[in-house]
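**Q** for reference, the sequence and a predicted model appear below.
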Amino acid sequence: MSDTLDALDAGALHDGVRVLRSPATIRERCAAICAAVSAGRSEHFRIDRTRLPVVAERVVRVTRERYPTLQIPYHSRWRHFEAGGVDRRAELDTRLADRSSTSATRARVDLALISVLLDAGAGPDWFYLEHETGQRFTRSEGLAVASFRAFMAGRFSSDAGDPFRVDAKALLAIDDAALAAAFQSGEHNPLVGLAGRASLLRRLGEALRARPQLFTDSGQPGHLFDALTYHPHAPKLRHHRLAPGAQRHHHVDAARILGLLLDAFSGIWPSGQMLGDVPMGDVWLHSQAGGQGASAGLVPFHKLSQWLAYSLIEPFEWGGVQVRALDALTALPEYRNGGLLLDAGVIVPLDDAFASRRFQPRDEWVVEWRALTVSLIDELAPLVRTEFGMTAEQLPLARILEGGTWATGRQIAAELREGGGPPVKVDSDGTLF
C-alpha cells in the first residue's frame, strides 16, 4: 500500500473503499498474485496445473455420491442446519407459520447472519451435544447446530414475546460466559476463539444500533431484506411494518447483497486493514497484488461476508426474491477449499516444513495461499462443469462449492491427517476463518 496514504484526499479514500468492497477486485487481485506465482516470482509456492483434472474428477465423484440426482443446492449455512439428517428449517418454519412472508424472511436472515458470524474454525477438540436429538456434532456442523439452538431458545432476542429474532440489545449483553453456555464450551470442551466470537457479536450489536434507518430502532439485521428488495424511494417502514405503497423488487444481484453487508458491518471486524478511518476487515497486504491509489497492494477476500451472502440466497428465494449473477461471488478462501488444493498437489509449497509452522492471517504465505485458492477454484470450475455436461448457468460456483470442493477438501483431509484437520495452522481469533 502506498506510503502516501495519509496524504490522499477523502475522495481517493472513498474510491479505495469502494474498490476493495467489489467482488471483481477480489478476483483481479487474486489473479495478479496467481500470475506472479505462475511466472516463478513467488517465495512461497509453485502451481502444478496438471493436477487440476485429477481434482476435478474427485470433486465430480464426491458430488455424485452426495447428490446422486444432481439436484445440488447452494453452498450455504442452511446445509449445516441439516446436520445429522435433521430438517431444522422445517422446525423453524413451523414456529414462523403465523408470520407474513416478509417477517418470516427477516427471521431466517437473522438466523443465517448470526450463525455465519459464529462459524470461524472451532478447533479440533470442541463438540456440541444437541439434547433435542442426542447427536454430537463438531466443527462447522456443531457451530451451526449450536447457533440454531441458541436462536430457537431466544438467546439473541431481548423480547421474550418475539424470541425468533436477533436484535442489538440482546447482542450487546452477550459476554464470554453467556456464549460459552450456549455453545457448551469449557475447560474440557474448549471452543477456539470464544472471546473473539463474543466480542464480534457485541460489535454487531453496536453496528445494528448505529443504523436505525436500516435496521429499525430495535436493531434487527433481518431488515437487510427490506433494504435490498424494496424500491429505495418508496416509503418502507412505519413502526417496523412495511408502509402502504412499498413496492418490492423481485430480484437482486448477489454482488449487491455482498456490498450492503460490507457497508453495514465493516466496523465489526477486529483484524485486517484500515483505509483511512474505515475498517476493511478481511483485506490484506501482498507485494504482488497490484492495483492503484489507496487500494494498491491490498487483497480483499471478505470470506465470512461472502459466506453470509451465499447463505442469504435461499432465504431471499423462499421470500419470493430471485438472487441473480451468483458467480460474481468467489470461492471461499478457507481451510477446506484451500486445503483441497494443497493436499491434492495443485498448490505446492516451496517450504516442505510448512505443516509444522504456525501462521498469522496477515502473513504473506497465508495471503498468497488464499489468493491462489480463489483463482484456481475458478480454473477448476469449468473442468467440473465439463465432466457433468453442464453450463455455468446450470452449475454456478455456489453449487460446485457445495457439491463439491468443500466436501472433497474435508474428505481428503480426513484421509491424510488424524482428526481431519486442515494442512495449515493459522492462528484464529474466531472471527476470520
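**A** Structure's in. What do you need? The shown structure was predicted, so the numbers you read here are calculated from the model rather than taken from an experiment. Residues are numbered from 1 along each chain as shown.
**Q** tell me where the stretch 251-400 of the chain has helices.
**A** 254-265, 303-318, 335-343, 364-388, 397-400 (DSSP state H, counting those that start in this stretch).
**Q** export the ones you listed to TSV and tack on mean pLDDT?
**A** Formatted as TSV, the helices of the stretch 251-400 of the chain follow (pLDDT from 0 to 100):
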stretch	mean pLDDT
helix 254-265	95
helix 303-318	96
helix 335-343	97
helix 364-388	98
helix 397-400	98
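**Q** chain neighbours aside, what residue packs nearest to the spatially most central residue of the chain?
**A** With distances taken as Cα atoms, centre = their mean, residue 307 lies nearest the centre of the chain, 2.2 Å away. Using Cβ to Cβ, 6 or more residues apart in numbering and skipping residues adjacent in sequence, the residue nearest residue 307 is residue 116, 5.3 Å away. C-beta: built from backbone N, CA, C; applies to glycine.
**Q** surely residue 169 and residue 219 touch.
**A** Yes - counting by Cβ atoms under 8 Å, residue 169 does reach residue 219; the two are 7.1 Å apart.
**Q** what do these two both touch?
**A** Counting by Cβ atoms under 8 Å, 6 or more residues apart in numbering, the contacts common to residue 169 and residue 219 are residue 205.
**Q** the two: who's more crowded?
**A** Higher neighbour count among residue 169 and residue 219: residue 219, with 25 against 14, using other Cβ atoms under 10 Å.
**Q** OK, contacts around the closest residue to the more buried one other than its chain neighbours?
**A** Spatial nearest neighbour of residue 219, excluding adjacent residues (Cβ to Cβ, 6+ apart): residue 168 at 2.7 Å. The neighbours of residue 168, taking Cβ under 8 Å, 6+ apart as the test, are 205-206, 208-209, 215, 218-220.
**Q** one more: residue 333?
**A** So residue 333 contacts 301, 303, 369-371, 373-374, 433 (Cβ under 8 Å, 6+ apart).
**Q** again, only using 10 Å
**A** Taking Cβ atoms under 10 Å, 6 or more residues apart in numbering, we find residue 333 in contact with 26, 30, 282, 299, 301-303, 306, 366-367, 369-375, 377, 433.
**Q** could you do residue 261 as well?
**A** Counting by Cβ under 10 Å, 6+ apart, residue 261 touches 21, 113, 116, 221, 224, 228, 302, 304-306, 308-309, 312.
**Q** save those residues as JSON lines, and put in distance to residue 158 and neighbour count too.
**A** Below are those laid out as JSON lines (distance: Cβ to Cβ, whole Å; neighbours: other Cβ atoms under 10 Å):
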{"residue": "21", "distance to residue 158": "31", "neighbour count": "25"}
{"residue": "113", "distance to residue 158": "16", "neighbour count": "23"}
{"residue": "116", "distance to residue 158": "21", "neighbour count": "25"}
{"residue": "221", "distance to residue 158": "14", "neighbour count": "30"}
{"residue": "224", "distance to residue 158": "19", "neighbour count": "25"}
{"residue": "228", "distance to residue 158": "25", "neighbour count": "20"}
{"residue": "302", "distance to residue 158": "29", "neighbour count": "29"}
{"residue": "304", "distance to residue 158": "24", "neighbour count": "25"}
{"residue": "305", "distance to residue 158": "25", "neighbour count": "25"}
{"residue": "306", "distance to residue 158": "29", "neighbour count": "25"}
{"residue": "308", "distance to residue 158": "22", "neighbour count": "26"}
{"residue": "309", "distance to residue 158": "27", "neighbour count": "28"}
{"residue": "312", "distance to residue 158": "23", "neighbour count": "28"}
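**Q** ok, the closest residue to residue 370 other than its chain neighbours to residue 30 distance?
**A** Closest residue in space to residue 370, ignoring its immediate chain neighbours: residue 333 at 3.6 Å, by Cβ to Cβ, 6+ apart. The gap separating residue 333 from residue 30 is 8 Å, by Cβ to Cβ, to the nearest Å.
**Q** okay, and the common contacts of these two?
**A** Joint contacts of residue 333 and residue 30 (Cβ under 10 Å, 6+ apart) are 299, 301, 367, 370-375, 377.
**Q** what ranges does the stretch 51-200 of the chain have for its strands?
**A** Under the criterion DSSP state E, counting those that start in this stretch, strands of the stretch 51-200 of the chain are mapped to 127-130, 135-138.
**Q** so which elements touch the first one?
**A** The one in question is strand 127-130. strand 135-138, helix 139-152 (3 or more Cβ pairs under 10 Å, 6 or more residues apart in numbering; DSSP states H and E).
**Q** so which of these is the most surrounded?
**A** With neighbours defined as mean count of other Cβ atoms under 10 Å, the helices and strands packed on strand 127-130 peak in mean count at helix 139-152, which reaches a mean of 22.
**Q** that helix vs helix 335-343, what angle?
**A** 180 degrees (axes from the mean of the first three to the mean of the last three Cα atoms, to 10 degrees).
**Q** send me helix 139-152 as PDB with only the CA atoms.
**A** What follows is helix 139-152, C-alpha atoms only, in PDB (Å, rounded to 0.1, in the frame of the first residue of the first chain):
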ATOM      1  CA  ARG A 139     -16.600 -28.200  13.600                       C
ATOM      2  CA  SER A 140     -18.900 -26.300  11.200                       C
ATOM      3  CA  GLU A 141     -21.900 -28.500  11.800                       C
ATOM      4  CA  GLY A 142     -21.500 -28.300  15.500                       C
ATOM      5  CA  LEU A 143     -21.300 -24.500  15.300                       C
ATOM      6  CA  ALA A 144     -24.400 -24.400  13.100                       C
ATOM      7  CA  VAL A 145     -26.500 -26.600  15.300                       C
ATOM      8  CA  ALA A 146     -25.300 -24.800  18.500                       C
ATOM      9  CA  SER A 147     -26.200 -21.400  16.900                       C
ATOM     10  CA  PHE A 148     -29.500 -22.700  15.700                       C
ATOM     11  CA  ARG A 149     -30.500 -24.000  19.200                       C
ATOM     12  CA  ALA A 150     -29.400 -20.700  20.700                       C
ATOM     13  CA  PHE A 151     -31.500 -18.800  18.200                       C
ATOM     14  CA  MET A 152     -34.500 -21.100  18.800                       C
END
